[in-house]
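Chemist: Pasting the sequence and the predicted coordinates here, then a few questions.
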Number of protein chains: 2
Amino acid sequence: MVKKEKDASTEQRILDAAKQVFVSKGMAGARMQDIADGAGINKAMLHYYFRSKEQLFEIIFRDSIGRFVPKVKALITSELSLYEKIEQFCDGYISMALENPYIPMFVLNELHKQPDAFVRKMFNNELPDLSKLVQQIDEEIKKGNIKPISPVQLIMNMMSLCVFPFLAKPIFSILMGLDELQFRNSIEQRKKAVPQFIMDSIKR
Amino acid sequence: MVKKEKDASTEQRILDAAKQVFVSKGMAGARMQDIADGAGINKAMLHYYFRSKEQLFEIIFRDSIGRFVPKVKALITSELSLYEKIEQFCDGYISMALENPYIPMFVLNELHKQPDAFVRKMFNNELPDLSKLVQQIDEEIKKGNIKPISPVQLIMNMMSLCVFPFLAKPIFSILMGLDELQFRNSIEQRKKAVPQFIMDSIKR
DNA sequence: GTCTATAACTCGATAGAC
DNA sequence: GTCTATCGAGTTATAGAC
């Protein structure tokens, strides 16, 4: 990196443009030309800064998801109560996705193209251990603190409620006539509303 | 169609293979070669039966989603109670997606590439009218039958709980160690469990 | 570092024999 | 109806001048 550090560097402009294109078109649909246009340079420069499309994609992905995964791993094996875990997962995921709204679609697409390889990559070859969380749910049921529910169903519900609105943004916006700001506000509310919705449902 | 009707027709084999490929790779990622391989023929035959990739995609899409959309439109404007609508939407969507598990991903992908055009195509240029449903929710709140909740949030929740598990099948299966049958059973349960989960949460 | 030009390749589509 | 062979458009990637 011998260049001068004046305005927003070419490198950064490429990364920003690439994020934008990769999320709206997916890896296969993305065109290096579109990324170059978005960054205000030509295709050759993309290859100068990042050897290949593959590598550009890789860098963006790691940079985006790299910080969130370890947090979730730590959370689910922590000593917090079930309610705190639900609260922190929802808040943490929704906050992350509000800052990187392209991530949910990005992850989903790659997941479908090569499930095993991608899951391993995402979790650095070490799957998070859900057994403690599952056990915790079963205990709360046995103690009579929450209604009987299969842990698998509860975890599915929590993830669904957090992730899906980001994936379905286009259809929600059109169907419910939400503009950019209204959509953002609706999502913002969900940081509190989703844990509330879940607890209202399961608590006795 | 002058060919003999012996085994599973070439045409049907193409459609089956195409479904399979389109859902796992998306429209842009799908390769005519892969579809041809899946159907046990060569690329030229694809073009003989279906003029273009575009057209093949179109046919599969209309065939899959064509029946479900009108049902939903009728349901939300019907005279049924809020609870019955929730129950029937969840059961209807989950049943449809269990039979056509590729649809959720398929719709989502196209939605992201060309949101407006695709939504119009999906609903035949006539968006479903949610106002009656929204009004119904507000009334139930005013009557004190359910807790205060934004109709937008409630509808988002319902759709999330129904759709997301199909999208996230690969990660759920790996994370929770579910085989094909176990996953199917978990989803099957959700036909009843999701409406229950929602009602438990909102009812007074 | 940035550009133009072009090589190398992928993939949808077509021609034409059988 | 089915195949092989090939074209042509569109894309990633590289060479080489400035």
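Modeler: Done, it's in.
Chemist: what's the neighbour count on the nearest residue to A:V23 once chain neighbours are set aside?
Modeler: For A:V23, ignoring the flanking residues on the chain, the nearest one in space by Cβ to Cβ, 6 or more residues apart in numbering or on different chains is A:Y102 at 2.8 Å. Quick note: C-beta positions are derived from backbone N, CA and C, even for glycine. A:Y102: 18 surrounding residues under other Cβ atoms under 10 Å in any protein chain shown.
Chemist: So A:Y102 sits against A:K25, correct?
Modeler: No. Shown here, A:Y102 and A:K25 do not form a contact pair, counting by Cβ atoms under 8 Å, at 10.6 Å.
Chemist: tell me the contacts of the closest residue to A:I149 other than its chain neighbours?
Modeler: Leaving out its chain neighbours, the residue that sits closest to A:I149 by Cβ to Cβ, 6+ apart is A:I202, at 5.9 Å. Listed by Cβ atoms under 8 Å, 6 or more residues apart in numbering or on different chains, the contact partners of A:I202 are A:I146, A:K147, A:I149, A:L154, B:D200.
Chemist: What subset of these is buried?
Modeler: A:I146, A:I149, A:L154 (16 or more other Cβ atoms under 10 Å in any protein chain shown).
Chemist: is it possible to export these to TSV including secondary structure, pLDDT and distance to A:S78?
Modeler: Shown next, in TSV, are the buried ones among the contacts of A:I202 (DSSP: H, G, I helix; E, B strand; the rest coil; pLDDT from 0 to 100; distance: Cβ to Cβ, whole Å):
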residue	secondary structure	pLDDT	distance to A:S78
A:I146	strand	97	19
A:I149	coil	98	21
A:L154	helix	98	17
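Chemist: between those, which is nearest chain B?
Modeler: Using Cβ to the nearest Cβ, the shortest approach to chain B within those belongs to A:I149, at 7.9 Å.
Chemist: residue ranges with poor pLDDT in chain A?
Modeler: Across chain A, the ranges flagged by pLDDT under 70 are A:1-7.
Chemist: Mark out where each domain of it begins and ends.
Modeler: As assigned by automatic domain parsing, chain A contains the domains A:10-63, A:66-202.
Chemist: host element of the nearest residue to A:L154 once chain neighbours are set aside?
Modeler: Closest residue in space to A:L154, ignoring its immediate chain neighbours: A:I137 at 6.1 Å, by Cβ to Cβ, 6+ apart. Using DSSP states H and E, the element containing A:I137 is helix A:131-142.
Chemist: Tell me the helices and strands packed up against that helix.
Modeler: Helices and strands touching helix A:131-142, by 3 or more Cβ pairs under 8 Å, 6 or more residues apart in numbering or on different chains; DSSP states H and E, are helix A:68-77, helix A:82-99, helix A:151-167.
Chemist: Quick one: work out the angle between it and helix A:68-77.
Modeler: Interaxial angle, helix A:131-142 versus helix A:68-77 (axes from the mean of the first three to the mean of the last three Cα atoms, to 10 degrees): 40 degrees.
Chemist: and the contacts of A:I202 as a markdown table, adding distance to DNA strand C?
Modeler: Below are the contacts of A:I202 laid out as a markdown table (distance: Cβ to the nearest atom of the strand, whole Å):
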| residue | distance to DNA strand C |
| --- | --- |
| A:I146 | 50 |
| A:K147 | 50 |
| A:I149 | 44 |
| A:L154 | 41 |
| B:D200 | 47 |
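Chemist: Out of the residues you listed, flag the one nearest to A:K113.
Modeler: Comparing these against A:K113 with Cβ to Cβ places A:L154 closest, at 28.7 Å.
Chemist: how close does the residue nearest to A:I149 get to DNA strand D?
Modeler: 47 Å (Cβ to the nearest atom of the strand, to the nearest Å).
Chemist: try A:S201
Modeler: Between A:S201 and DNA strand D the computed distance is 45 Å (Cβ to the nearest atom of the strand).
Chemist: OK, contacts around that residue?
Modeler: B:F197, B:I198, B:D200, B:S201.
Chemist: want to try a markdown table for these, with distance to B:Y83 and secondary structure as columns?
Modeler: Shown next, in a markdown table, are these (distance: Cβ to Cβ, whole Å; DSSP: H, G, I helix; E, B strand; the rest coil):
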| residue | distance to B:Y83 | secondary structure |
| --- | --- | --- |
| B:F197 | 13 | helix |
| B:I198 | 9 | helix |
| B:D200 | 12 | helix |
| B:S201 | 13 | helix |
